[in-house]
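Enquirer: one predicted model, sequence on top.
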Amino acid sequence: MTGRHTLLALALALALGGALAAGAQPAPAPAAPAQRTDLPLTLVLSGGVSLGSYEAGLGWTVVEFARRVPELTMDARAGRPRLVAATGASAGSINALLSALLWCAAPQSRADSSVDHNLLRDTWVPVGLDRLLPDQASAYQPGDGLLASRPLVQTLDALGASLLTARGGRTFRPGCQLPVGITVTRSGAEEREVAGISVRTQRFVVPWRLEVTPDGRPRFGGLPLEQAREEEDDVLWLAERPEPGGGSALPWSQVSQGVLASAAFPAAFAPRVLCDCSARCPASQQVTPERCPTPAGGSGALTCPARSVRGEPLTLCRRSYVDGGIFDNAPVGLAIDLTESSLEPAPLQPATYLFVDPELRRLAPGGASAPAPSREGVEGALQLLGELVSTGRSADLARAIRAGGWNRTTRSLLLQASVALVPFIDLSQQLQALSVGKPAPLPMLAVPRGLSGRGLRAAVGRMLLGCQADGAAGAREEQQRLQACAQAVSAIAGGARVAEAAPLTDEEVEQLAQQVAARAERELARLGDGSGDLLADSEAISARLVLAATAFDVLSEEMVRVSRGPFDARRLLRLRDELLRTVRAGRVLGVLSAEAAHTLLDAALADVARSPAHAEAAARVRAAVAAVPLGELFTARDLQPALQALEEVPGAPAEAAERVRALAKLGPPLQRAITRVNALAREAQALGAQRGGERVLVSSSRFAPIAGAQLGYFGAFLDRPLREFDYYAGVYDAAHAIAESVCGAAAWPRLTAPVRRREAPQALDLAEPDTQRCLGEAMQVVARSLGLTASPPASLVLRRLARAELAAALDDRARAAALLAEPAWAWLEQGAPPRPADANVAAVADALLAARTPCHPQSREPLCVRDVSFVALVQALRERGYRPVERNMSELLAQGEGWSRDTVRKVLDRSLDTERRYHGDAPFSGAVLRAHGLGELWMRGPGPGGRYPRLDLDPSTIPGASLAAPDVGRRALAHLLPYRIGLDVSNGGVSLSWLEPALRLSPHVSVLSAVTPLDLEIGRSRYSSTVGLLPTLHLRGTSLSAGPRASVYWRDGRIATGAELRVSVLQDRLGLALGTRDFPLGSSNFFVSVSLADFNGVAYWLLPRLGP
């Protein structure tokens, strides 16, 4: 045996031996869940302000369908989703809480069973900008931020009252328990010392357990996590209240205050005070229970345990918290902790973590999310700041994904192994052809795909069992039998029909898995020890690869069913380890293929070296290839000297030269195949050693644009129909996701078999009609089980979105129309017809779906939906006859920019009020107040928008009605100052006016007045009072005014009539006027003046200490 062959045999022994050792001593079996058909599901809800309406629709659909699955007629071993935890950040924390309560509802409770009326919808749809940014300061609660918290507080208070009194027919399932977790951000960082290093943190997690008492009353309590988690992360334990029967629980006030803190978007909502039990509480923040607030402003008798789980004394601590999404907008790490602290993993039953991300779109047009170009200066700094904030909000998600072993499941590895073996079928035949100097034959064997039906899988599985059975036949007879089996299996890939058979029994599946593992071990060992030859046995190897790949495909589906059967956990683990051993040993196939290629290359180069002109280059390449480590393949760089010499210098043996070129061309696909089996081997090894069970991370996605993504995620707050559309769009996307999951897992009988993507068999090929038929059939089950087809608005949105998505997925409008007429999708038209009351929702749907673009460069039609700007959305709503419901939307459609100015002004009012309350003696407080004053000056000054015509009696920016706290003294003092100060620069003089009413006829035409009680001509020492009318044209920020004026001289009462022409800029604040005080026009009557208008407003806003 050569030295390199000895190394090859040793590598084989290590690969197979290590896998055998792992399979011979399985880890102790954990306790399985009570129901083996449970599919553990954890919800992870991100934040996003008004995206809460979309998340509410998605969350209700997922949870309610999971509750109703047992009512459906299904295969006895079909998985039934069971919610095992819910976590959320920011707005997602509210939906996590509501989803948990919905899950624990009693089966007979119908309070939340309607898509049109349920806990989640009724929480989010009524909350709009009219209530969040009201016109009256009295609508705010003390300490509120830019937005009023009263709508959310009232909603949560009403929910708490209904839970305590069982109002509205909402009942709960006794014994139900569910972990719930939220994230919060402390307003001030906490410092601690770790290994002598000062560490600061503001991110905290709040783990709870929702449990329903025997009398059906839901209550919340703290949930201890693993001690390791508590030591390395920051867990907040909220103070609880003693229960009458013993023990303690969180009062509803603590729960609602916690989710309000998590949802307190910075600046928009004020921080919330939480009382927690802390071992590291500064003396200034230690409080007594009566100082712990509730959302309504009350307090409760809260207590803390004497000591923490680590034995540290605890005290009641009062601190402020804001939006939990600042540092952790996707609390996946918390979700893992909650799930694994309450669920014992079962073999082959992965826990699915559904990450609800409203920002992720499917079938989005290509290139729609191109990165923004880098900027310089201030713009670049702001761009960088935005990127840093976005990265920080997803830091925990990135950390958890990197460390969590996601989507590393037995089923996915088997599916990927099935695909990874396929390239070696053709590659082995090409290598064998090169070894004998003949052209590679056309591929004669293929691996069938789409074995989704149980009957077809059973027929193919039994065919494989017959192929794998060992008998007393000799090697030649066995080879002929395997070749015949491979051809029969390959015929299925070519379209041959196979009669479906009864489902495989668990014992047959186990036997097939064992035989595949034994066969792979035996064949690879034979090749590795030199008794077999990859180059000589290419036909036999191709046959075995076809059978192995097909077996992996069958087992990937059947093992899931077996895991829900009577086999105990130890037996399932042993079976899993045998399959992982087979996948892991597949890397030896890559080693053998690389060595075969090296052998051929070395022989070809030896022939090339016979030519003196090529000997040196061939020797260099042979030396480079000999130095390639075992299991790796030569690279194009290794072969470059020989290829260059063959190209530049004639005279090399033609056949050998051609073989070198062919191997160079074969290198990249062979390297890709080797890399893939090596990666799968590593994944199989990691899965075998992984603790905590298998995990699957699934991200939700939306098809259509939604209103909540507009205006920095505040868009849906503008009007109720916008929130209703977003809610029903969430319902649609959840139904689509459920259908995709069902089709992907082949969970229900009688569905059309979907087509999988060839290179990623764990994913469905959505461009195939059969896949869309399966989705339509599954969505019909979901829609009817949840009563979606009985709801007019739900049916309307489902129809609109399903039609658009089907056309985009198939990239063909005509094929989509034909498919919609088939039974799989015809049910869409059988839903409830739209009502007149749903016209607004239809207008929103049509406006958001109107912007179409080609899905791919080669697309013939624009069928994919692109995002639209806010301005384009508003215009599209106008064109579709949208009738606004709430005041803000009415003003937006009627006034446009005027609404924007008014809204910004109200936000500035609230921000200024906050600054006045809290600025104190801070070093920059005066500058901050003046900056707000500049903003108020500009937003309150004359500008486009508003209602026309209108009369402004006092155009000064001194506020009348304001959302800031009243300051009557300052306003009165400011009104003592003149509105306009004019300086006559031609003759010397000064004029003062306090009131100049203006009639605004349109954005471009006004009639201004000149009311000047005091007009002093210094050169003539005479006083007068002047009035005038100035018709004005407003163009591009400049106002042109001209009109008559009349002056009354104080000395003799004479009335003089003249005229004035004025040009004004900076919102008419700075003006240049020329005219005559009297006719006839003469030098003594002519004047040129410069004036400053809104002088009193400037003083009010820019002198923060003015007055009381």
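Expert: Looks like it arrived, so ask away. Numbers count the residues shown, from 1 in each chain.
Enquirer: show me which positions of stretch 843-855 end up buried.
Expert: Buried residues in stretch 843-855, counted by 16 or more other Cβ atoms under 10 Å: Ala843, Val844, Ala845, Ala847, Leu848, Leu849, Ala850, Ala851, Arg852, Cys855. The way it works is simple: take the backbone N, C-alpha and C, and place the C-beta from them, glycine included.
Enquirer: what is the mean pLDDT for the helix or strand harbouring Leu1030?
Expert: Secondary structure assignment for Leu1030, by DSSP states H and E: strand 1022-1035. Taken as a whole, strand 1022-1035 carries a mean pLDDT of 95.
Enquirer: what pairs with that strand, parallel or antiparallel?
Expert: When pairing is defined by DSSP bridges, strand 1022-1035 lines up against strand 1005-1017 (antiparallel), strand 1038-1049 (antiparallel).
Enquirer: now the ones you listed as CSV including distance to Leu156, mean neighbour count and mean pLDDT?
Expert: Formatted as CSV, the strands paired with strand 1022-1035 follow (distance: least, Cβ to Cβ, whole Å; neighbours: other Cβ atoms under 10 Å; pLDDT from 0 to 100):
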stretch, distance to Leu156, mean neighbour count, mean pLDDT
strand 1005-1017, 48, 19, 94
strand 1038-1049, 50, 17, 95
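Enquirer: any chance of these in JSON lines, plus distance to Thr409?
Expert: Putting these into JSON lines (distance: least, Cβ to Cβ, whole Å) gives the following:
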{"stretch": "strand 1005-1017", "distance to Thr409": "70"}
{"stretch": "strand 1038-1049", "distance to Thr409": "68"}
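Enquirer: between the buried residues of stretch 843-855, which is nearest Cys275?
Expert: Checking those against Cys275 by Cβ to Cβ gives Val844 as the nearest, at 42.3 Å.
Enquirer: kindly confirm my reading that the closest one is in a helix.
Expert: Yes. According to DSSP: H, G, I helix; E, B strand; the rest coil, the state of Val844 is that of a helix.
Enquirer: state the distance from the closest residue to it other than its chain neighbours to Ser890.
Expert: Excluding its sequence neighbours, the residue lying closest to Val844 (Cβ to Cβ, 6 or more residues apart in numbering) is Phe725, at 4.2 Å. Distance of Phe725 to Ser890, computed by Cβ to Cβ, to the nearest Å: 18 Å.
Enquirer: mind listing what's buried along whatever helix or strand Cys743 lives in?
Expert: For Cys743, the host element (DSSP H and E) is helix 720-745. Neighbour-count burial for helix 720-745, counted by 16+ other Cβ under 10 Å, picks out 720-744.
Enquirer: ok, stretch 707-721 next?
Expert: 707-711, 713-721.
Enquirer: output the strand or helix carrying Arg186 in PDB with nothing but the alpha carbons.
Expert: Secondary structure assignment for Arg186, by DSSP H and E: strand 177-194. Output in PDB follows, covering the C-alpha atoms of strand 177-194 (Å, rounded to 0.1, in the frame of the first residue of the first chain):
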ATOM      1  CA  GLN A 177     -48.800  27.300  31.100                       C
ATOM      2  CA  LEU A 178     -46.800  29.300  28.700                       C
ATOM      3  CA  PRO A 179     -43.500  31.200  29.000                       C
ATOM      4  CA  VAL A 180     -43.700  34.800  27.800                       C
ATOM      5  CA  GLY A 181     -40.700  37.100  27.500                       C
ATOM      6  CA  ILE A 182     -40.100  40.700  26.600                       C
ATOM      7  CA  THR A 183     -37.100  43.000  26.400                       C
ATOM      8  CA  VAL A 184     -36.600  46.500  27.900                       C
ATOM      9  CA  THR A 185     -33.900  49.100  27.800                       C
ATOM     10  CA  ARG A 186     -33.000  50.900  31.000                       C
ATOM     11  CA  SER A 187     -32.800  54.600  30.700                       C
ATOM     12  CA  GLY A 188     -29.500  54.800  32.500                       C
ATOM     13  CA  ALA A 189     -26.800  52.200  32.000                       C
ATOM     14  CA  GLU A 190     -25.900  49.900  34.900                       C
ATOM     15  CA  GLU A 191     -22.200  49.300  35.600                       C
ATOM     16  CA  ARG A 192     -20.700  46.200  37.000                       C
ATOM     17  CA  GLU A 193     -17.200  44.900  37.400                       C
ATOM     18  CA  VAL A 194     -16.300  41.600  35.600                       C
END
